[in-house]
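J.: Sequence below, structure please.
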Amino acid sequence: MAAEAVKDGVRQFTAGGSAGLVEVCLMHPLDLIKTRLQVAQHDKGMMDCVRKTFRNEGFLGFYKGILPPILAETPKRATKFFTFEQYKKIFSHPSVSPAISLSMAGLFCGFTEAIVICPFEVVKVRLQSERGVSLMQQKSTAAVAREIIKTDGLGLNGLYRGTFNLHRIFLKRVGFLLLSKLLPLEMEGSCTFSDYWGMISFDDKVDTISTLTRIAKIA
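T.: Below is the predicted model of the structure:
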């Protein structure tokens, strides 16, 4: 039984880490454009931001700040997969509704993930927000991290700035469960597609606030 539990844990860790690495490599350019649109006022839209980035920084400019998420996504996804399963066991009880136990597991999984990922996110956003500098000319990830620690420290004003963005944690983890419950209602016609867009729209606003919080010192 113990050996099987260890095997399951390793499998969850490996699956989560692999998924995170693939996601970063494919989606980082879009994440960079999203970050720049959130923090800049002079872009006319997504395509304008894409053109300016390519013209001023080249193709590799779209991969600015990729090292922090590569370093973070593997442990992040692995932590998410592993801790969710563990929290699910902790909160599962015959007298507790599955929806409540899964929501609590998702919420605590989000807390754990935030503690692991926040320093990497802060460094990534700082790197992505820097315009007009090519990837080869930009400061290294380690240099930016040292600069943040030197000026702002390790606490909630430094590398852990924006850690306790509880609304986003709740939406990302517990919201996934709510969407899974809405899907059957969509099929029955009890729920419209606009309900999904309402949740996505609200989460996007919280994500923008989170990004602005993390660059507040350099804006």
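J.: Flag the shaky bits of the chain, pLDDT-wise.
T.: 1-2, 5, 9, 12, 16, 41, 164-219 (pLDDT under 70).
J.: what's the longest helix in it?
T.: helix 2-39 (DSSP state H).
J.: Remind me what the next helix or strand after that one packs against, helices and strands.
T.: With elements assigned by DSSP states H and E, the helix or strand that comes after helix 2-39 is helix 46-57. Packing contacts for helix 46-57, counted by 3 or more CB pairs under 8 Å, 6 or more residues apart in numbering; DSSP states H and E, involve helix 2-39. Just so you know, the C-beta spots here come from the backbone N, C-alpha and C atoms, and that holds for glycine as well.
J.: ok, back up a step: counting by contacts, list what the longest helix of the chain packs against.
T.: Using 3+ CB pairs under 8 Å, 6+ apart, helix 2-39 sits against helix 46-57, helix 67-91, helix 98-129, helix 193-214.
J.: mind giving me JSON lines with those helices and columns for distance to Ala143 and mean neighbour count?
T.: What follows is the helices and strands packed on helix 2-39, written out as JSON lines (distance: least, CB to CB, whole Å; neighbours: other CB atoms under 10 Å):
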{"stretch": "helix 46-57", "distance to Ala143": "18", "mean neighbour count": "15"}
{"stretch": "helix 67-91", "distance to Ala143": "11", "mean neighbour count": "19"}
{"stretch": "helix 98-129", "distance to Ala143": "10", "mean neighbour count": "20"}
{"stretch": "helix 193-214", "distance to Ala143": "17", "mean neighbour count": "14"}
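J.: will you turn the ones you listed into a markdown table that also has distance to Arg11?
T.: Shown next, in a markdown table, are those (distance: least, CB to CB, whole Å):
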| stretch | distance to Arg11 |
| --- | --- |
| helix 46-57 | 38 |
| helix 67-91 | 9 |
| helix 98-129 | 17 |
| helix 193-214 | 29 |
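J.: Out of those, the one nearest Val39 is which?
T.: helix 98-129 (5.3 Å; CB to CB).
J.: That closest one packs against which elements?
T.: Using 3+ CB pairs under 8 Å, 6+ apart, helix 98-129 is in contact with helix 2-39, helix 67-91, helix 141-152, helix 166-188, helix 193-214.
J.: So which bits of stretch 28-48 are buried?
T.: 28-29, 31-39, 43 (16 or more other CB atoms under 10 Å).
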